[in-house]
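Chemist: what would the 3D arrangement of this be:
(chains A and B)
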2 protein chains.
Amino acid sequence: MSTIAADEAVEQESSVAELPLGAALNIAFEGRYHQRRAAGRALWPAAGMHRDAALGLTEAREWTLRRLHEVSRSGIGISIEPAQTAERAALEQSLIDFETVSYGDLSVAIKSGVQHGLFGGAIANLGDAAQQERYLGPALALDLLGCFAMTERGHGSDVASLETTITYDAEAGDFVVHSPHPSSAKTYIGNAAAHGRMAAVFGQLVVDGEPHGVHCILVPIRDESGAVAAGVSIGDNGHKGGLLGVDNGTISFDQVRVPREALLNRFGSVDAAGRYSSSIDNPNRRFFSMLGALVRGRICIGGGGAIAARRALSIATRYAERRTQFTHPGTDAETPLLDYLAHQRKLLPAIARAYALGFAQNDLIETFARVASDPGRSAKQQRALETLAAGLKALNTEFANTAIQTCREACGGAGYMSENRLTQLRADTDVFATFEGDNTVLMQLVAKGVLTNYAEVWGGLDALGMVQASARLVGSSVIERTGAGLLAERLVATARRKGDTAAIYDRGWHAWMFEERERHSTDSLARRMRAADRDSFDAVNALQDHVLFVARAHMERVVLDSFIAGIAATTDAAARQTLEELCTLFALTSLEADAAWFMAHNRMSDSRAKALRRQINQLCGELRPRAIALVEGFGIPAEWLGSAMIEG
Amino acid sequence: MSTIAADEAVEQESSVAELPLGAALNIAFEGRYHQRRAAGRALWPAAGMHRDAALGLTEAREWTLRRLHEVSRSGIGISIEPAQTAERAALEQSLIDFETVSYGDLSVAIKSGVQHGLFGGAIANLGDAAQQERYLGPALALDLLGCFAMTERGHGSDVASLETTITYDAEAGDFVVHSPHPSSAKTYIGNAAAHGRMAAVFGQLVVDGEPHGVHCILVPIRDESGAVAAGVSIGDNGHKGGLLGVDNGTISFDQVRVPREALLNRFGSVDAAGRYSSSIDNPNRRFFSMLGALVRGRICIGGGGAIAARRALSIATRYAERRTQFTHPGTDAETPLLDYLAHQRKLLPAIARAYALGFAQNDLIETFARVASDPGRSAKQQRALETLAAGLKALNTEFANTAIQTCREACGGAGYMSENRLTQLRADTDVFATFEGDNTVLMQLVAKGVLTNYAEVWGGLDALGMVQASARLVGSSVIERTGAGLLAERLVATARRKGDTAAIYDRGWHAWMFEERERHSTDSLARRMRAADRDSFDAVNALQDHVLFVARAHMERVVLDSFIAGIAATTDAAARQTLEELCTLFALTSLEADAAWFMAHNRMSDSRAKALRRQINQLCGELRPRAIALVEGFGIPAEWLGSAMIEG
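Modeler: Numbering: from 1, shown residues only, chains lettered A, B, ... in the order given. Next up, the predicted model:
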């Protein structure tokens, strides 16, 4: 897929002296990926991009498959390369492609994610060269539609406890895939109910009576004619709260035999003599390598949720600018909704947060491509990536649901009409909060990553480590920053010196407060963890809300770091100024949400806390005249929004 | 409709010595209306109560109309009596009926609300005896399906600015109903797109060139065969984000003539000589009398939203009790979701709030019936009712959307499947937040009511009044309490004496803090109002978030007052003890949400603020073993929940 022409067009565009604010914001916002995103938009087959919300289940599924073919033919979504040889550009492209697909119907995006990202990704990540050679091309070309069969009815988030067995039969020389209990049935599997012909099935590998943990095997589930394979039972999850175009279903296996070569071999294989071998000795590390396929999925889902939120904010902001309510006192002019402070406070902090999360997503894409393409990556780098992907998936999808709902309500009755697109966006993204990792579970993973780092820096969570930790200088940082965070680190150092005299709009003060929130809550959690009996469910359970607070504090800090770095990389002066204001709005809104914490922990004075609200209101008023440019900065052409109420 | 048998059954039930906790909670929770609610449940035709989420628009509309006939035949929803003669019991029954209908499909509930509550209500409230005689019976029997045509495309929340004209033609002796602009078209009108034959149309009455403000007139829109009447244009709002069974549409009028007798005459009429007369001299008061029909609608929507939230909480709690995730450390037993603190914090505070809002709704029903049936009611009583109805509608529907979404996410992928009912509940209640009064607009009405009371007590918002206000004793209360609030008032007095030594679980301290939040924010708003140039849009607009805070503080206090009174009326000791704990959980959660405000305004110490979280966590743990009883207290039979994942 050639992006050169589009790249050049963008290059010329950005060299024009006075760019409109919206265009300049878009270049800054999309950062190092702006040209490739613009190239994706240039390829995007916009005609017929939206699904009629009135389509029933069967029609919606057929429409979605047809549309997926159209999108794939345009070259979008097919940049999945074998993990052994994938270079950074291809890894990045696979994530950018998912964003592009998310401009349109989200069932198509998710079906592309299932087919290319998960099924294709399982082959690309877990298969050996021969398996990739045989299956990856047909999967990407949609000639072999497939499923990613991980989740089981009895086990949602707990992948280690999967019940499906993959047992090697040494005599026959093949594998037997089996669902021992009703709870072992795979469920919510995309492509299962109607279109899939093969499934990448995750289960417990057993060779010669010995368990080797979770592995993945390719199992044919339908033949060319669509008939279900012998021993395979397929159910239909039926009508859902959204994503009607994705054919989710259940799959169970009754002693289904597949050849020895069907086991995806990269991290574990059984040779002709029936001997198991693995390139990874540690079963725990092997398990996480198997789950590595999930990381890209999480980044995609977060990115797709972010695009959905931007679409909704673009719609609601344009509507709020044209829709009037009540007359302006003293005149006959009717007041646009967006003139009202209450309306500004619904939309503008959400726009600011959308920018913040967008900058962080850029950095995540960069980190993913760098780490995933580096054969010498350390366990620590891998963990940092997984932590960031999990956390940003949770933040992005939580934000998408909240922001789209806010937009729906901000558009009143019109917002409820399907022709205006908001309810469909909301229904389709709803499940983003709980699939590809439940957000609550993912945030616990984030905290675990933070604590593991903490333990490495401060010598473990045992008694000695804690003595060291509490003996360190007050104000010294447990937060290790790299890349995007280095700038924030310098700002914090300056703000610390100013102390209480730092102004409320001082970026250094924001970064300092974000850091304090993370550092102090992590410190105190580590202390409580040490004091707790970690074999006691009750003792560990009692810390769960603290754990979630730490995860959130960490992620907010990471997001602010990215925003700061993104602004520094912005060359257009007007865009930079507007981004500074948006960043302040994001930071103050985040601080306001935790103002009680800051006060209770003596990080913020009463007067400063009270001033937050005033400052946020004032920023909303200042940004309001630029509201349309702000949503233009998201880069979504108005004619792609597909919302009747803002057309004509 | 005879409720005697059911009443007796309940009477016997409650006389049993040891009632199960769920049943005892239900009796307490439903309070003075328990027997009539139980009677409604006894009448309820449960078979076929749920709509298949997969039904398309046309099928859903037909299903809904059929089901509405079934429900109406059972005697539910038809207790609309002429306003002139309606007694308290009938007024209460109309509200209880809407709750009962809300156990089932919400499209049926809304269609019942449109047909019986709004269309029937317009006749009952605004018609004279002859009009009621002629139209009310057929409307209630579904022989005359009708619309409540108020909202216009150009004017959502601003009813005073309606553009539709109702012009008296003295020569012809009839009225001409006309939509002068495209923006005058009535829109989102239930029963318009398919089933309605008549519309109660709101417009500006003009007699002999003179405007008399908004009035309501009955206009035939379809004949017996379903053909649209001459001069009337009907459009279809089409597919929506939910409530697919309600046929919302647009109606516009091109010089449509209707007889003089079609004007609903109770508050304004034109005699044969073409002279306008009204029983209400003040056009402003007349306008609000016309809108009185909206009050019942708001109470119904709030009540229906509350039932929807309880249904979702019943489903999610039962699921959380049976669904396990990960194993308990040290054992092989898998851990029920509800054992996790994070899960408890999702569901239990929401259950507590559902109880709180339920007690407040009971008091609202009582207030409505008392005020509406009292011909000698004062303007102040009327205003207090409207304020309470607006505020509780906003709180209930906001809560419904939040709580149902929390429930959906708490059930993971299963929560997203239509067969488990949560997404349909969520989609159907979504619009509750913005119809029958947009919640943001309603909360501004609440603040206006609070400020008007304030001005009456403290001598206006002018300079002199403010001097009086600031000269009053610190701690004296601007909050006038009656009925349910008197108990809270006494508790506050005691807590004040204790001051800082009051315990965190002391109900008096909660009530005191709720009162302080309302009193101080109202005081300071009044002060800012006085200082502001009230003719300046910017000056008034700058107060909007403060206005919304006051409204919320007021409503939270009112809700707590009701909860306290409801507990006092509870005789069963175990139920009472559990309700005390729920009330504490509700109160602390509300205080925690505004902890920053309390600290910044020196109402709460740092250590107290920190203790809130601990106390909430502890309460969640203590209530957790009773979780099923708590949702049984909502009174919804498990077999009515219609959720596959908790059956079998």
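
Chemist: what about the residue in the stretch 1-150 of chain A that chain B sits nearest to, distance to residue B:244?
Modeler: In the stretch 1-150 of chain A, no residue comes nearer to chain B than residue A:54, which is 4.3 Å away by C-beta to the nearest C-beta. For the C-beta atoms, the positions are set from N, CA and C on the backbone; glycine is no exception. Residue A:54 sits at a distance of 9 Å from residue B:244 (criterion: C-beta to C-beta, to the nearest Å).

Chemist: follow-up on the earlier one: quick one: the residue of the stretch 1-150 of chain A closest to chain B is in a strand?
Modeler: No: for residue A:54, which was evaluated using DSSP: H, G, I helix; E, B strand; the rest coil, the result is coil, with no strand membership.

Chemist: list the residues that contact it.
Modeler: Applying C-beta atoms under 8 Å, 6 or more residues apart in numbering or on different chains, one finds that residue A:54 lies in contact with A:418, B:56, B:57, B:238, B:239.

Chemist: residues contacting residue A:423?
Modeler: Applying C-beta under 8 Å, 6+ apart to residue A:423 gives the contacts A:53, A:408, A:415, A:416, A:417, B:240, B:241, B:242, B:427, B:430.

Chemist: if we go to 7 Å?
Modeler: For residue A:423, the residues meeting the contact criterion (C-beta atoms under 7 Å, 6 or more residues apart in numbering or on different chains) are A:408, A:416, B:241, B:430.

Chemist: in helices only, show me those residues.
Modeler: Those of the contacts of residue A:423 mapping onto helices are A:408, A:416, B:430, per DSSP state H.

Chemist: I'd like those residues as TSV, with pLDDT appended.
Modeler: As requested, the ones in helices among the contacts of residue A:423 are arranged in TSV below (pLDDT from 0 to 100):
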residue	pLDDT
A:408	98
A:416	97
B:430	98
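
Chemist: what do residue A:54 and residue B:244 both touch?
Modeler: Common contacts of residue A:54 and residue B:244, defined by C-beta under 7 Å, 6+ apart, comprise residue B:57.

Chemist: quick one: residue A:582 and residue A:357 touch, right?
Modeler: No: Residue A:582 lies out of contact with residue A:357 (C-beta atoms under 7 Å); the separation is 11.7 Å.

Chemist: next, count neighbours for residue A:648.
Modeler: Other residues within reach of residue A:648, judged by other C-beta atoms under 10 Å in any protein chain shown, total 4.

Chemist: OK, contacts around it?
Modeler: Residue A:648 makes contact with no residue, according to C-beta under 7 Å, 6+ apart.

Chemist: does it sit in a helix, a strand or a coil?
Modeler: Classification of residue A:648 by three-state DSSP places it in coil.

Chemist: near chain B, which residues of the stretch 451-600 of chain A? Just list them.
Modeler: Counting by C-beta under 7 Å from any C-beta of the partner chain, the positions of the stretch 451-600 of chain A adjacent to chain B are A:535, A:537, A:541, A:542, A:544, A:545, A:548, A:595, A:596, A:599, A:600.

Chemist: count of neighbours near the fifth one?
Modeler: Spelled out, it's residue A:544. Residue A:544 has 19 neighbouring residues, counting by other C-beta under 10 Å.

Chemist: what about the strand or helix carrying residue A:368, average pLDDT?
Modeler: For residue A:368, the host element (DSSP states H and E) is helix A:341-372. Regarding helix A:341-372, the rounded mean pLDDT is 97.

Chemist: now do that helix: which elements does it pack against?
Modeler: The contact analysis (3 or more C-beta pairs under 7 Å, 6 or more residues apart in numbering or on different chains; DSSP states H and E) places helix A:341-372 against helix A:88-101, helix A:283-322, helix A:379-410, helix A:544-568, helix A:573-593, helix A:606-623, helix B:544-568.
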